[in-house]
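Peer 1: how would this look folded up:
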Amino acid sequence: GKGQAGLAGGMDVDEDPVDATPEIEEGCKPKCVKPLLEYQACVERVGKDETGEAHCTGQYFDYWACIDKCAAPQIFAKLK
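Peer 2: Numbers count the residues shown, from 1 in each chain. Below is the predicted model:
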């Protein structure tokens with residue numbers, strides 16, 4: 001079963017990762033405002049974090065997962 005291939009980094013050999021163009025990313029940003037704002041808020045918190053232990057990987061991946069989900073149909077439409 002295919003489906004959620006590559007989410008954890010184990011890409012199938014025959015599947016390229018979705019490559020969102022900047023235009024598509026821009027078009028998808030409005031749909032992904034919430035994760036983007038959460039990521040940006042996290043970055044600000046981390047900037048104030050003196051321990052250096054805080055990071056925003058989770059928020060970053062949430063944002064890009066949203067962009068990917070939005071972008072994929074548009075990208076595949078272009079490939080046809």
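Peer 1: which SSE is the closest residue to A54 other than its chain neighbours in?
Peer 2: Spatially, and ignoring its direct neighbours in sequence, A54 is nearest to V46 (4.4 Å; C-beta to C-beta, 6 or more residues apart in numbering). For glycine as for every other residue, the C-beta is placed from the backbone atoms N, C-alpha and C. For V46, the host element (DSSP states H and E) is helix 33-47.
Peer 1: export that helix as CSV, just CAs?
Peer 2: Below are the C-alpha coordinates for helix 33-47, written out as CSV (Å, rounded to 0.1, in the frame of the first residue of the first chain):
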residue,chain,number,x,y,z
VAL,A,33,-1.5,30.6,7.7
LYS,A,34,-2.1,28.9,11.1
PRO,A,35,0.9,26.6,11.0
LEU,A,36,3.0,29.4,9.5
LEU,A,37,2.1,31.8,12.3
GLU,A,38,2.7,29.0,14.8
TYR,A,39,6.1,28.5,13.3
GLN,A,40,6.9,32.2,13.3
ALA,A,41,5.8,32.5,16.9
CYS,A,42,8.0,29.6,17.8
VAL,A,43,11.0,31.2,16.0
GLU,A,44,10.5,34.3,18.1
ARG,A,45,10.3,32.3,21.3
VAL,A,46,13.4,30.4,20.3
GLY,A,47,15.2,33.6,19.6
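Peer 1: For the chain, give me the ranges with low pLDDT.
Peer 2: Applying pLDDT under 70 to the chain flags the ranges 1-20, 80.
Peer 1: got the contact list for stretch 36-46?
Peer 2: Stretch 36-46 has contacts (C-beta atoms under 8 Å, 6 or more residues apart in numbering) with K29, A54, H55, C56, Q59, Y60, D62, Y63.
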